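Trainee: Could you work out the structure for the sequence below:
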Amino acid sequence: MSTTPKTLTLPISTSRANPTPQPMKRLTVPRIRQRKGGEPLVMLTAYTVRMAQLLDRHCDMLLVGDSLAQVIYGLPHTVAVTMEMMEAHGAAVVRGSYHAAVIVDMPFGSYEASPQQAFENAARLLKATGAAAVKVEG
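Mentor: The predicted structure follows:
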């Protein structure tokens, strides 16, 4: 019997670094704006790397929604979602996608106090995730 350890080889054609077999150019907010009134845009929600990998090639935009409170964490409402949760899931979706513009929800309480608070937290989310945009609800 051989004592040489076996090496596990994983296919990398759809790895986190290259989530689609044939890379596509990531959409940007200005490119999406240019399509206004033209071809319909497709936007779906993703919360994880794997969800992003599965949906990316079919979407123009991926939303990381604060609905992850109920969908991922089993919470009764979105009020308990933190900036840290949105940062972690937003970064995961960006890492798992190559084509779609990623938009991350600003959680409750992260922008209502003042324009300064809104800007600081939006900048924090964009820096931490690499997302193209943030979304606020009014």
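
Trainee: Which of the helices and strands in this protein ranks last by mean pLDDT?
Mentor: Evaluated with mean pLDDT, DSSP states H and E, the helix-and-strand set of the chain has its lowest mean pLDDT in helix 29-34, which scores a mean of 93.

Trainee: what's in contact with that one?
Mentor: Defining contact as Cβ atoms under 8 Å, 6 or more residues apart in numbering, one finds that helix 29-34 is touched by Leu41, Asp60, Met61, Ala101, Ala132, Ala133. Quick note: C-beta positions are derived from backbone N, CA and C, even for glycine.

Trainee: next one: stretch 54-61
Mentor: Contact with stretch 54-61 is made by 19-20, 24, 27, 32, 35, 41-44, 46, 62, 96-103, as judged by Cβ under 8 Å, 6+ apart.

Trainee: How far does that stretch stretch from one end to the other?
Mentor: With Cα to Cα, to the nearest Å as the measure, stretch 54-61 spans 13 Å from end to end.

Trainee: Same question for stretch 41-61.
Mentor: Here the two ends of stretch 41-61 are set 8 Å apart, with distance taken as Cα to Cα.

Trainee: residues of it that come out buried?
Mentor: 44-49, 51-53, 55-56, 59-61 (16 or more other Cβ atoms under 10 Å).

Trainee: Kindly reformat those as CSV and extend each row with distance to Ala91, pLDDT and secondary structure.
Mentor: Listed next are the buried residues of stretch 41-61 as CSV, based on distance: Cβ to Cβ, whole Å; pLDDT from 0 to 100; DSSP: H, G, I helix; E, B strand; the rest coil:
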residue, distance to Ala91, pLDDT, secondary structure
Leu44, 18, 97, strand
Thr45, 16, 98, strand
Ala46, 12, 98, coil
Tyr47, 12, 98, coil
Thr48, 11, 97, coil
Val49, 9, 96, helix
Met51, 14, 96, helix
Ala52, 11, 96, helix
Gln53, 14, 95, helix
Leu55, 16, 96, helix
Asp56, 15, 95, helix
Cys59, 18, 94, coil
Asp60, 20, 96, coil
Met61, 17, 97, strand
